[in-house]
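[1] Dropping a prediction and its sequence here:
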Amino acid sequence: MDIENMNIFQLEEYLKELKEELTELDARRPKNDTSEDFEDWADEHEELEDVIDDVCDRIDEIAQKTP
């Protein structure tokens, strides 16, 4: 998704979807923290958190420009 071209309402909806996806991902966390499955899960988790951070930053950026 190109968050630079989304308005604040689209960003907020996208953020909601991302947070739901993160919740679902958390529910699928592998029990064995030393397994390859856990490493794959952790990578996906980190990537999703990075996208969430980017969307939050973009929302803040737009909010600061809005009087």
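    On my side now, so go ahead. Numbers count the residues shown, from 1 in each chain.

[2] Tell me the secondary structure at residue 33.
    Using DSSP: H, G, I helix; E, B strand; the rest coil, the structure places residue 33 in coil.

[3] give me the number of residues near residue 21?
    Neighbourhood size, residue 21 [other C-beta atoms under 10 Å]: 14. To be clear about C-beta, it is placed using only N, CA and C from the backbone, and glycine gets the same treatment.

[4] I figured residue 45 hits residue 27, correct?
    No. Using C-beta atoms under 8 Å, residue 45 is not in contact with residue 27; the gap is 11.7 Å.

[5] Could you check which of those two has the larger neighbour count?
    Counted by other C-beta under 10 Å, residue 45 and residue 27 do not tie: residue 45 has more neighbours, with 16 against 7.

[6] send the alpha carbons of stretch 35-42 over as CSV?
    Extracted as CSV, the C-alpha positions of stretch 35-42 are listed here (Å, rounded to 0.1, in the frame of the first residue of the first chain):
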residue,chain,number,x,y,z
SER,A,35,12.5,-23.2,16.3
GLU,A,36,12.8,-22.1,12.7
ASP,A,37,9.0,-21.6,12.7
PHE,A,38,9.5,-19.1,15.5
GLU,A,39,12.2,-17.3,13.6
ASP,A,40,9.8,-17.0,10.6
TRP,A,41,7.0,-15.8,12.9
ALA,A,42,9.3,-13.3,14.5
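
[7] Check which residues of it are buried.
    residue 41 (16 or more other C-beta atoms under 10 Å).

[8] Just checking the distance from it to the centre of its chain.
    18 Å (C-alpha atoms, centre = their mean, to the nearest Å).

[9] go on, stretch 23-33?
    The answer for stretch 23-33 is 16 Å, by C-alpha atoms, centre = their mean.
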